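In: coordinates for the following, if possible.
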Amino acid sequence: MALKALPTQSDKLFLQNLVPELGPMEGDCGEDNKAWASARQSTEADQRRVSQIYSARTFRYLGPITEETTDANALDEWALHVFLCLTDAGNLLNADGDPLFRFKRGDNYGVLDMTFAEFQTAFGALHPLITRALRYAVWEINPLWDLRAVPEKKEEEKEGEGEE
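Out: Presented below is the predicted three-dimensional model:
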């Protein structure tokens with residue numbers, strides 16, 4: 001079978017389902033009013049862009065001592081994951097009641113219609129539970145980026161592995 005260079009896109013992922021603590025923030029509302037997001041699989045270009053945030057380093061040589069600093073952290077990486085792979089979102093509004101993120105139709109899926117700086121301003125205005133849910137939405141379809149702890153399998157689940 002031929003492999004196409006077209007990333008898979010997720011269905012709508014309700015943020016409350018990804019981070020249950022959002023329930024009290026949303027209240028009792030129907031699906032039409034729940035916050036949701038969709039994301040796409042990352043590409044090799046996305047992987048390279050994420051890795052580049054760790055490449056900016058400063059070296060200082062102080063005689064026998066070398067000092068290295070880098071200007072990147074996990075929160076920057078996670079925001080970049082969302083920026084690169086978020087394809088749509090609903091019911092996430094700014095203080096004026098307008099959609100927080102702008103999207104446009106790309107060739108095969110939606111893409112953010114914002115610069116990374118604009119995205120960071122919007123993303124930074126959100127409650128940390130919401131940014132976590134957006135990150136989890138992206139990680140649902142990009143499991144290699146997923147840093148959540150994987151629950152250890154129970155003994156009965158381990159026993160059945162490899163048997164077919």
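
In: how about the helices in the chain?
Out: 15-18, 23-26, 44-52, 74-85, 116-124, 128-141, 155-159 (DSSP state H).

In: contact partners of the fourth one?
Out: Contacts to helix 74-85, defined as C-beta atoms under 8 Å, 6 or more residues apart in numbering, come from residues 39-42, 46, 49-50, 53, 112, 116, 119-120, 123, 131, 134-135, 138-139, 141-142, 145. C-betas here are computed from N, CA, C, even on glycine.

In: compute the inter-axis angle for it and helix 116-124.
Out: Using axes from the mean of the first three to the mean of the last three C-alpha atoms, to 10 degrees, one finds that helix 74-85 and helix 116-124 are set 110 degrees apart in direction.

In: low-confidence ranges, the chain, go.
Out: 56, 59, 149, 151, 153, 155-164 (pLDDT under 70).

In: hmm, what's the outermost residue in it?
Out: For the chain, the residue at maximal distance from the C-alpha centroid (C-alpha atoms, centre = their mean) is residue 63, at 42.2 Å.

In: quickly note the distance from it to residue 136.
Out: Residue 63 sits 47 Å away from residue 136, taking C-beta to C-beta, to the nearest Å as the criterion.

In: cool, residue 57 as well?
Out: Taking C-beta to C-beta, one finds residue 57 at 30 Å from residue 136.

In: comparing those two, which shows the higher neighbour count?
Out: Between residue 57 and residue 136, counted using other C-beta atoms under 10 Å, the more crowded position is residue 136 (19 against 10).

In: excluding chain neighbours, what is closest to that one?
Out: Residue nearest to residue 136 in three dimensions, not counting chain neighbours: residue 18, with 4.2 Å by C-beta to C-beta, 6 or more residues apart in numbering.

In: also residue 87?
Out: According to C-beta to C-beta, 6+ apart, the nearest residue to residue 87 is residue 110 (4.2 Å).

In: contacting residues around residue 137?
Out: 10, 13, 15, 18, 37-39, 86.
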